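K.L.:
Give the three-dimensional model of this entry:
(2 chains)
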Amino acid sequence: MSTIASLHIGELGYISEESLDFIPLKLLEMGCLPGAEVQLIQIAPLKDPLYICVNGSHLAIRKETASQIKILKANL
Amino acid sequence: MSKNDIKVALIGNPNTGKTSLFNQLTGLNQKVGNYPGVTVDKKQGISKLSATQNAIITDLPGTYSINPTSLDESIVLKTLLKKDIKESPDVILVVADVENLKRNLLLFSQIKDLEIPTVLAINMVDQMNKKGISIDLSLLQKELNTEVVLISARKNQGINDVKEAIIRCHVAAKASPLCGINSKIDPDYFQKLKEISPNYSLYELWLMVTQNNYPDSITKEEKEKLLAFKQDVSKLKKYQHKETIYRYQEINKILKKTYIVDKTKATDVRSKLDKIFTHKIFGYFFFFMILLVIFQSIFDWATLPMDLIDTTFAELSDFARDRFQPGLLTDLLVEGIIPGIGGVLIFIPQIAILFLFIAILEETGYMSRVVFLMDKIMRRFGMNGKSIIPLISGTACAIPAIMATRTISSWKERLITILVTPFTTCSARLPVYAILIALIIPDIKILGFLNLQGLVLLLLYALGFGMAILGAYILHKTLKIQSKSFFVVEMPNYKIPSIKNVFFDVLEKTKAFVFGAGKIILALSIVLWFLASNGPKSYTNATKNVLENVENQNLSQDELNQRIASVKLENSYIGIMGKSIEPAIRPLGYDWKIGIALITSFAAREVFVGTLATIYSVEADDENTATIKEKMRSEINPATGEKRFNFAVGMSLLIFYAFAMQCMATLAIVKRETKTWKWPLIQFFGMGLLAYVSSLIVYQILS
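P.N.:
Residues are numbered from 1 along each chain as shown, chains lettered A, B, ... in the order given. Got it, this is the predicted structure:
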């Protein structure tokens, strides 16, 4: 199973239902919902944090958080 | 403010243009204060809604929900839960960004459930066409069951519609909830919660339980019942998750009918700019260049207005001395109050310039990229990406810088940032550095173009920043605080800064400095003046003793006056204090005169120069540093017959001023921000010890 942290720059995925318990409330509120499309836009120079776009929100989150959110990779 | 004014609370996500709307609604009728009991800034302004109706608008900190994770955000919750007639808002004005409407409506839906009349202002609608967005306004209004207005705060569009909507909303009946969480999640559970009190809406009760925040108006009995709901923490967490998902489902349903985005129309300047600003090499390069420009500007542009303020106050002192009858009150005015005020105002240019740059960087959206770039580096030292903003702001003044730590959600990271920020070289150290460098470092060029004095100044800045980082690392390793570190930063779209917003921001922060730190500096100048111009018997007899002393018979009138002044100082209360600490500071190379300056500048560093001016019997109203410099240069150490301010003493003093915590105003702010005296005391003694030991080592090696 992939997580947001395993995406490559530009790659898309969908947040899976089973990660619901691992998504912090704050991220849920910012639109990181199960089923939402997530794209990795940029990785900071020291490989952390990650800059993602999810549900229309552009957010920077730490790798540690990102690696807890499971996704299904989109088949392009 | 009259009783009939409508109290409006302005709420919204960060980066939605909330501040622009506040500025448009209130203009120059703004004032900044503190919320009772906390230091978080309370920005309020009066807006004329109609010929007969005014509104008092309170601008609350930006937040994504009313489940707070930082100090800033908890203010929003506290304000909304208040039932106090004077404080609780009559109408809530929610500002949303048209591009991120879905996420913004989450906050709106929570507010709506509090059953307070609410107006929704959708901002930046001038961008709608460009982004391919269309909104069915009347349907949205019906679905949300609230007043909705489309505005563009930066372009001053729709502001009157907002005002009219506030009036309509105010007279309308009590609002109804939008999402009604009870029926969807666990009806029994929420029914029981609802039964606790008829005075609060269900959602208010739910917030009290989940956020552990109880308003004063709640009865003891009700509170006990609410606390019983806290037993099952995992259930609370689960229901909060469910609540959020349910809210998004409802919002999606509504938006499907009313909000259409044609994605093909979206333009993408953002990703191009991001490629440059967050690039692994260019990103840091740009950041470094921007910092360089800021520092250059602070020193270049600020010199002229600072000199102007300096001379103006010196002249003002002269003027007052000539104009008024000689006496105690005139002395107080000329030697205490006027130089005191001047000592505060002189920092305005530097502080304003720094805040100008910070405001522009924030407004453009670039600051979030800096946070993104710096997070990993800062984390190694126990801070986080957001700590970079206080550390940069600290070069102007530690007070607003420490207040800027409020957005950091982890207590440990925030505390470390607060504790090390005073190491960054603030503008109050500058006059001290300037005069000491001029005394001990020759004014020569090295490599043909680098000014040696400037280089030393740069090194002192680097020393301060390095010490801040090192201090953070030590605290990170020693402080045993369990604190959840959670980091999420929104990367806003790039924007051209609004002149109005930047102007108000700079004005507000400068005012906060002048009135915050200013009061303390002024009060100290007066105390200092009193201690320096009063003393026991030997002080009162100083004039007589000098005149009667045979050695002094050949002196000119000027020299005689100076002799009297310095004998008086030596015997004044402050002189006695200086002498009593002499044994402790002698190993650092200081005498009692420097001791006086150390004591007085413990309150605020910049007082150092002024005190030396007095000590070396320069007229107190002559702030000309060249004169002070010459006096200091010709001062002889009687023990060695050498110059008092030789290289070793100068270096020792520079190091002392770089490390010691000599700012009462900062200590006061740290106390208020950490809510205990423990941390400011640790800071005071820790930094003091470091300063003492380092200066001791420096002096002993060099002398």
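K.L.:
domain ranges for chain B?
P.N.:
By the assignment in automatic domain parsing, chain B contains the domains B:6-261, B:498-702.
K.L.:
What is the end-to-end distance of the first one?
P.N.:
Taking CA to CA, to the nearest Å, domain B:6-261 runs 36 Å from one end to the other.
K.L.:
How about it and chain A, touching?
P.N.:
Yes: interface with chain A: domain B:6-261 contributes B:64-65, B:67, B:69, B:99-100, B:102-103, B:106, B:237, B:240-241, B:244-245, B:248 (CB under 8 Å from any CB of the partner chain). Every C-beta, even on glycine, is put in place using the N, C-alpha and C of the backbone.
K.L.:
Reformat the domains of chain B as TSV; add mean pLDDT, distance to B:Leu292 and mean neighbour count.
P.N.:
Shown next, in TSV, are these (pLDDT from 0 to 100; distance: least, CB to CB, whole Å; neighbours: other CB atoms under 10 Å in any protein chain shown):
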stretch	mean pLDDT	distance to B:Leu292	mean neighbour count
domain B:6-261	88	27	18
domain B:498-702	82	21	18
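K.L.:
I'd like to know which of these is closest to B:Ile437.
P.N.:
For B:Ile437, the closest of those is domain B:498-702, at 7.6 Å, according to CB to CB.
K.L.:
Of the domains of chain B, which is nearest B:Ile440?
P.N.:
Ranking those by proximity to B:Ile440 (CB to CB) places domain B:498-702 first, at 3.4 Å.
K.L.:
List the contacts of the residue in the stretch 1-150 of chain B positioned nearest to chain A.
P.N.:
In the stretch 1-150 of chain B, the residue that lies nearest chain A is B:Ser65 (4.4 Å; CB to the nearest CB). Going by CB atoms under 8 Å, 6 or more residues apart in numbering or on different chains, B:Ser65 touches A:Lys26, A:Glu29, B:Leu106, B:Leu107, B:Gln110, B:Thr244.
K.L.:
Surely B:Thr264 touches B:Gly132?
P.N.:
Yes: taking contacts as CB atoms under 8 Å, B:Thr264 lies within contact range of B:Gly132: 6.8 Å.
K.L.:
Strands of chain A, start to end?
P.N.:
Here chain A has its strands, by DSSP state E, at A:2-3, A:12-15, A:37-43, A:50-54, A:57-61, A:70-73.
K.L.:
Same list, these, but as JSON lines with distance to chain B please.
P.N.:
Formatted as JSON lines, those follow (distance: least, CB to the nearest CB, whole Å):
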{"stretch": "strand A:2-3", "distance to chain B": "16"}
{"stretch": "strand A:12-15", "distance to chain B": "12"}
{"stretch": "strand A:37-43", "distance to chain B": "5"}
{"stretch": "strand A:50-54", "distance to chain B": "6"}
{"stretch": "strand A:57-61", "distance to chain B": "4"}
{"stretch": "strand A:70-73", "distance to chain B": "15"}
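K.L.:
Kindly reformat these as TSV and extend each row with mean neighbour count and mean pLDDT.
P.N.:
Below are those laid out as TSV (neighbours: other CB atoms under 10 Å in any protein chain shown; pLDDT from 0 to 100):
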stretch	mean neighbour count	mean pLDDT
strand A:2-3	16	92
strand A:12-15	20	93
strand A:37-43	20	93
strand A:50-54	22	94
strand A:57-61	23	93
strand A:70-73	18	90
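K.L.:
and these as TSV, adding distance to B:Ala172?
P.N.:
Listed next are these as TSV, based on distance: least, CB to CB, whole Å:
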stretch	distance to B:Ala172
strand A:2-3	48
strand A:12-15	39
strand A:37-43	39
strand A:50-54	36
strand A:57-61	32
strand A:70-73	45
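K.L.:
Nearest to chain A: which residue in the stretch 501-650 of chain B?
P.N.:
B:Asn501 (21.0 Å).
K.L.:
separation between that residue and B:Arg270?
P.N.:
According to CB to CB, to the nearest Å, B:Asn501 stands 20 Å off from B:Arg270.
K.L.:
How about B:Ala172?
P.N.:
Using CB to CB, B:Ala172 is found at 39 Å from B:Arg270.
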